Structures are given as C-alpha cells and as structure tokens.
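**Student:** my questions are about this predicted structure, shown below with the sequence.
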Amino acid sequence: MKLRKVVFPVAGHGSRFLPATKATPKEMLTVVDKPLIQYAVEEALEAGFTDLIFITGKTKRTITDHFDLSLETTPNMSEQKKALFDRTNRIIPSHASCIYLRQGEPLGLGHAILQAKPVIGDEPFAVVLADDLIESKKGVLKQMVDSYDDENASLISVQRVSKEDAQQYGMISTNDNDGNLMKLSNIIEKPKPEDAPSDLGVVGRYIFSNKILAFLEKTKPGAGNEIQLTDAIKVMLNDLPVFAYQFEGTRYDCGDKLGFIKANIEYALKNEKFGNELKEYLKRRLA
C-alpha cells in the first residue's frame, strides 16, 4: 500500500522556549527565515506524502494560517515582492491537502497520534516531529520510504548518541545489522546512561504499520502520566517486526535552545546571500 498520510504532532506547549512560546507555537520558531514546521512539511512532500495531518492545540492557530493562501499582493507592489508573496503562499502543492485535528489536552505523543486515527483509517502512515531538524541531501523521510517494503513492519529513525545523553532519548537494542537497517529487540524510554541498551537513540521520524494504533489504544499512561509512543512500540515488538533506520544527515535538536541556535548558525552560514559575510563576522567576533 502506498504511503500517503503523515502526522505532525504540534500540540505541545513548548515550555523549554518560554517566554518566546507563550503566544507563538514552538513549531513556528524560524531557522533563518523558515519555520520549523515548514521544514518538516517540505521533507514529507519530498517523500511523496499527500495527506498532511496536523494534531494541534488551542494556541496553534498560526500554524493553520501559515499554510493558508494568506498573503495578498497590491497594485503598487514590485514584481520581485509579488513573486516572493506567490512562492510563500504556495507551500502546499495542489495535489496535497492539510487536515487539522485538535488534541484537547497534551497527554503524550502516543495520545496525539491516536487523534489522527479517524483520518488514517486502515493505512500505514508516517509521523514527523518538527523539533528534529535534519539536514541531508535526501530527506530522512524519503530515505525511509525507499527502505520500506512491508506494511506490517514499522521503521523508526535512529542516530548514535553519547552515553550521557541517553536519558534524553528512546534507546534501542537490535538483533541484527543490515547496513542502515536493523531489527529491534528492545526499546527503553529515556533510560539512565548505565541502563541504556546501546548507543542508538530514536529521532523524530517514524513509519508505522497501521496496527500501532491498536497498541496505542491499549497503552496506559507511563512516564509523566502520558501515553508514551515508546511503550506501545515496546509491546508491538512481541508481535510485529520493527526496524531501526540509521539515517544519513545532520540532526539539530531544535526543541533545545542550544540546538536551535546551532541550527540557525549552520543554516545561515550556508545562505547564498549572506553566508560569507556572516562567516567573516564570526571570525572577527571570535578572534
């Protein structure tokens, strides 16, 4: 079955970025000149997804507005500015559609994904966390789609992390290693460094068998009194194959202030208009 549907859980409070996120969704924070959620959507579109499902909350109206045709040109506007407005308006191509669902209260990532069940139906689907900005020649979701060939199996993206950072990730162990693709044998949510089963941590890209929804419905609140996606994956491992995909690319944790600043610096240095000027400024500043 062709993968068409992708879920963007964007209902969280963004408390690590307060006060910036008091009235602005964290997914609308910009890396240079583009919101995090737009990078995530563009990655999904590149991978061939057409049904973009946003799980939003009461403070997330600007996400909906961002993907609407909201900019209007005026007669006295320059042709250059008109072209910019037109490009900015047409983020979502005509063959794709946006679907917005409300999560009444933030009860965890697993709960957020469950809100999409009526729209997902019986199809496999992807999940993208906009906090994880990944720079790569081929988008990570496209890499995963190219490796996906069994709708009864699920794929989760992973990267190697330092031992002391294990408690920030879902950490996995594997039975085998076939290049970038490894079969999971266990997954633990944010273990203490000494309890981590490996140095492979889960990053915010997933392709799920539709059967994950049934496991999520049976999952009781776990860490933080929330329905944890990791807990459902752990139980699903007993019945269905789950594979870890070690992606190619550089990931920036934009849910963390320092990671967000690093992403802005790296993307700005690659900007064609002012990257070289910024590099010279940084050299002078750090001299």
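**Tutor:** It's in. Everything numeric here is computed off the predicted structure, so don't read it as measured data. Numbers count the residues shown, from 1 in each chain.

**Student:** what about the helices in the protein?
**Tutor:** With DSSP state H as the criterion, the chain has helices at 36-46, 61-66, 79-89, 109-114, 117-120, 140-147, 212-218, 229-236, 257-269, 275-286.

**Student:** can I get those helices in JSON lines with mean neighbour count?
**Tutor:** Heads up, the C-betas are built off the backbone N, CA and C, glycines and all. JSON lines is the format used below for the helices of the chain (neighbours: other Cβ atoms under 10 Å):
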{"stretch": "helix 36-46", "mean neighbour count": "22"}
{"stretch": "helix 61-66", "mean neighbour count": "15"}
{"stretch": "helix 79-89", "mean neighbour count": "12"}
{"stretch": "helix 109-114", "mean neighbour count": "24"}
{"stretch": "helix 117-120", "mean neighbour count": "15"}
{"stretch": "helix 140-147", "mean neighbour count": "20"}
{"stretch": "helix 212-218", "mean neighbour count": "18"}
{"stretch": "helix 229-236", "mean neighbour count": "23"}
{"stretch": "helix 257-269", "mean neighbour count": "16"}
{"stretch": "helix 275-286", "mean neighbour count": "11"}
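
**Student:** ok, which of these comes nearest residue 96?
**Tutor:** Closest of the helices of the chain to residue 96 is helix 36-46, at 6.3 Å (criterion: Cβ to Cβ).

**Student:** contacts only, for the nearest residue to residue 93 once chain neighbours are set aside.
**Tutor:** Among residues not flanking residue 93 along the chain, residue 45 sits closest, at 6.9 Å (Cβ to Cβ, 6 or more residues apart in numbering). By Cβ atoms under 8 Å, 6 or more residues apart in numbering, residue 45 lies in contact with 92-93, 96.

**Student:** for ChimeraX, write the selection for the buried entries among those.
**Tutor:** The ChimeraX command for the buried members of the contacts of residue 45 (criterion: 16 or more other Cβ atoms under 10 Å) is given here:
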select :92,96
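
**Student:** pipe the helices of the chain into a markdown table and attach mean pLDDT and distance to residue 25 per row.
**Tutor:** Output for the helices of the chain, formatted as a markdown table (pLDDT from 0 to 100; distance: least, Cβ to Cβ, whole Å):
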| stretch | mean pLDDT | distance to residue 25 |
| --- | --- | --- |
| helix 36-46 | 97 | 8 |
| helix 61-66 | 88 | 6 |
| helix 79-89 | 68 | 18 |
| helix 109-114 | 94 | 14 |
| helix 117-120 | 96 | 21 |
| helix 140-147 | 94 | 21 |
| helix 212-218 | 95 | 24 |
| helix 229-236 | 93 | 20 |
| helix 257-269 | 96 | 14 |
| helix 275-286 | 95 | 27 |
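
**Student:** done for today, thanks.
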